[in-house]
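Colleague: Structure for this input, please:
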Amino acid sequence: MQISRAIAEQMERPSWIRRMFETGTQLRRERGAENVFDYSIGNPDVEPPDAVIAALRRIVAENRPRSHSYMPNAGYPEVRATLARRLAERSGIPFTGDDILMTNGAAGAINTILKAILDPGDEVMVLSPYFPEYRFYIENHAGRVVLVETDERFQPDPARIAAALTPRTRALILNSPNNPTGVIYSEAVLRAVNRVLPDPVLVICDEPYRPIAFDGAVTPEAVRIFDRAVIAWSWSKAMAIPGERIGYLALPPHLPGVAQLRGACTVANRILGYINAPAIWQWVVGAEPEATVDVAQYQAKRDLLCDALQSMGYDAPRPQGAFYVWAKTPIADDIAFIGLLQQEGILAVPGIGFGRTGYMRLSLTITRDAIERSLPGFERALRKAKANCPPMNAELAGSRLS
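Modeller: Presented below is the predicted three-dimensional model:
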């Protein structure tokens with residue numbers, strides 16, 4: 001059976017995150033789960049807040065009429081109105097229910113807005129290092145990815161963004177707190193970026209990690225800073241429910257042509273096959289929109305891991321938010337070093353998978369006990385790297401992104 005050329009090409013360059021996650025499945029079979037330390041995928045290891053589970057039970061038990069039926073493609077009006085009020089209170093922008101489109105997570109929101117605004121060949125700027133799925137999302141809608149390097153602190157670089165603009169530029173994707181770096185983009189930098197973006201470039205604010213910020217850090221309200229911005233939001237990380245696929249796309253009422261854009265996004269949500277966001281989970285997030293996992297547990301694991309790695313000699317700064325540690329690999333060849341870690345049963349994602357070689361991403365969605373038991377392996381891998389010992393896993397070392 002023949003498959004499309006586009007999908008065939010995407011199959012040739014699968015996500016390094018998924019590749020390492022699948023490697024972990026194999027290693028657990030071979031070595032036993034207790035001997036594998038999986039830092040590869042951002043899959044929360046904590047359970048949803050009690051208030052969320054209680055709301056789910058209550059809503060299911062109520063079994064209100066037509067609980068499982070179709071609703072307007074944009075979602076239940078009552079839920080959208082509730083979320084709009086909360087977003088208006090936080091942002092100072094007068095959102096209404098009409099400005100909210102319930103989606104299948106932030107991924108559904110991003111795909112919906114890209115479908116609504118892109119013509120074939122239009123360009124979308126992505127800041128590197130970047131979440132690799134962005135490339136697939138953009139190419140899904142016949143767009144062209146334009147990678148723009150961040151500065152030495154992994155903050156957006158307004159000059160580089162300005163230099164990358166062309167007449168075909170339609171959007172810039174911003175992800176803060178950032179996956180993979182854990183950096184929170186500063187308000188001053190965001191205001192500088194806004195000054196270089198011409199009309200009609202749209203900023204897509206991908207914000208699933210907004211509540212996960214450490215040491216009292218606050219994520220700037222990007223939608224208030226930018227002249228033209230939308231929010232792609234998900235409860236996947238905030239509530240630890242990534243499998244439930246629930247989020248929204250928020251279109252500020254001051255956007256030029258917002259009524260037409262609302263209609264376009266609603267149509268895109270339908271024709272992409274999402275139809276509507278999951279019915280029961282719309283009611284749940286409407287009942288408990290601010291419920292969030294205990295961020296302190298992620299911060300404690302961050303401190304444990306970063307302090308230990310730094311004491312060994314790794315360059316592993318503490319992230320400001322999200323739940324990833326973005327550390328330099330002790331040798332320039334990040335894939336080779338990932339191979340050394342794999343010998344120790346440690347699964348990490350090489351920086352090349354995010355567009356930046358010489359780094360690795362370690363997800364904090366792993367138990368504290370597993371972190372502690374993995375530390376001797378990190379130390380042994382570091383010693384091997386310093387001794388210029390090549391990785392034994394030739395298949396991993398040879399699997400490089402084109």
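Colleague: Please make it C-alpha for all contacts and neighbour counts, starting now.
Modeller: Will do.
Colleague: Does residue 131 touch residue 181 like I think?
Modeller: No: counting by C-alpha atoms under 8 Å, residue 131 sits too far from residue 181 to count as a contact (9.9 Å).
Colleague: which of these two has more neighbours?
Modeller: Under the criterion of other C-alpha atoms under 10 Å, the comparison of residue 131 against residue 181 puts residue 181 first, with 31 against 19.
Colleague: what about the more buried one, distance to residue 350?
Modeller: 13 Å (C-alpha to C-alpha, to the nearest Å).
Colleague: Spit out the residues that contact these two alike.
Modeller: Residues touching both residue 181 and residue 350 (C-alpha atoms under 8 Å, 6 or more residues apart in numbering): residue 361.
Colleague: Next up, the contacts around residue 251.
Modeller: Counting by C-alpha under 8 Å, 6+ apart, residue 251 has contacts 99, 100, 229, 230, 231, 258, 262.
Colleague: And it, what's its pLDDT?
Modeller: We have a pLDDT of 98 for residue 251.
Colleague: Then residue 401?
Modeller: pLDDT, read off for residue 401, is 40.
Colleague: Go through the contacts of residue 251 and name the one nearest residue 149.
Modeller: Closest to residue 149 out of the contacts of residue 251 is residue 229 (20.7 Å), distances taken as C-alpha to C-alpha.
Colleague: can you give me phi and psi for the closest one?
Modeller: As for residue 229, its main-chain torsions (degrees, to the nearest 10) stand at phi -150, psi 150.
Colleague: That one reaches residue 252, doesn't it?
Modeller: Yes: at 7.5 Å, residue 229 counts as touching residue 252 under the criterion of C-alpha under 8 Å.
Colleague: shared neighbours of these two, anything?
Modeller: residue 223.
Colleague: Quick check: phi and psi on residue 347?
Modeller: When read as degrees, to the nearest 10, the backbone of residue 347 gives phi -110, psi 120.
Colleague: End to end on stretch 28-35, go ahead and measure it.
Modeller: Using C-alpha to C-alpha, the end-to-end distance of stretch 28-35 comes out at 7 Å.
Colleague: in it, what's buried?
Modeller: Of all the residues in stretch 28-35, those buried under the rule 16 or more other C-alpha atoms under 10 Å are 28, 35.
Colleague: list the buried ones in stretch 244-264?
Modeller: By neighbour count on 16+ other C-alpha under 10 Å, the buried set for stretch 244-264 is 245, 246, 247, 248, 249, 250, 251, 252, 253, 261, 262, 264.
Colleague: Sorry, wrong one. I was asking about stretch 70-79.
Modeller: 73, 74, 75, 76, 77, 79.
Colleague: so of the contacts of residue 251, which ones are in helices?
Modeller: Within the contacts of residue 251, residues falling in helices by DSSP state H are 258, 262.
Colleague: Kindly indicate which of the contacts of residue 251 lies nearest residue 385.
Modeller: residue 231 (42.1 Å).
Colleague: Please, where are all the strands along the chain?
Modeller: Taking DSSP state E, the strands of the chain run over residues 37-38, 100-103, 123-128, 144-149, 169-175, 202-206, 229-234, 247-250, 324-328, 346-347, 349-350, 359-363.
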